[in-house]
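*Asks:* What shape does this take:
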Amino acid sequence: MPNSVRNIPSINWIIDEFSLNIFNVLLMSLIGVYYMPARRSTLDLILAVLKAIRDGCDKPTRIMYACNMSWKPMKRMLGGLVEKGYVLEIKHSSNRRSRKRYLISERGESVLRYFERGRVQFEVDII
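*Replies:* This next block holds a predicted model:
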């Protein structure tokens with residue numbers, strides 16, 4: 001890690017998305033690096049899974065890659081989304097294996113539209 005990154009004081013407050021964008025512009029102009037939050041929220045992960053399925057990823061491994069998640073959390077999340085009715089699980093039996101495919105339900109589609117409309121409302125152009 002470069003010395004300039006180590007000298008940045010730790011950030012102990014919550015940075016909203018707008019402030020984070022401004023902070024990244026300043027960091028990039030001063031020392032040439034970006035600040036990346038350590039984790040995504042559960043809501044961000046759920047929306048990423050729903051968006052990946054809506055965009056055509058129907059196999060579990062493809063969904064995992066599209067969302068940049070590891071296998072176990074992604075399987076737990078898919079199970080919860082199926083259980084709550086946001087995603088439909090379709091089992092195909094071929095040869096000796098049964099393969100699962102996933103489709104977004106109408107309920108999942110409406111949740112995704114709702115949060116995408118909210119995200120559009122808060123987009124701000126940074127000059």
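
*Asks:* going forward, measure contacts and count neighbours with C-alpha atoms only.
*Replies:* Fine.

*Asks:* Show me where this protein dips below the pLDDT cut-off.
*Replies:* Filtered on pLDDT under 70, the chain yields the residue ranges 1-38, 96, 98, 123-127.

*Asks:* For it, which segments are assigned as strands?
*Replies:* For the chain, the strands defined by DSSP state E cover 87-94, 97-104.

*Asks:* any idea which of those is most buried?
*Replies:* Mean neighbour counts were taken over the strands of the chain using mean count of other C-alpha atoms under 10 Å, and the top value, a mean of 16, falls to strand 97-104.

*Asks:* so what are the domain limits for the protein?
*Replies:* What the record gives for the chain is the domain set 1-38, 42-121, from automatic domain parsing.

*Asks:* returning to what we had before: can you put the strands of the chain in CSV and add distance to Gly118?
*Replies:* Written out in CSV, the entries for those read as follows (distance: least, C-alpha to C-alpha, whole Å):
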stretch, distance to Gly118
strand 87-94, 21
strand 97-104, 20
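
*Asks:* So for Leu112, which of these sits nearest?
*Replies:* Distances from Leu112 to each of the strands of the chain were compared using C-alpha to C-alpha; the shortest belongs to strand 97-104, at 9.9 Å.

*Asks:* helices and strands around that closest one, which ones?
*Replies:* When contacts are defined as 3 or more C-alpha pairs under 8 Å, 6 or more residues apart in numbering; DSSP states H and E, strand 97-104 packs onto helix 42-54, helix 60-67, strand 87-94.
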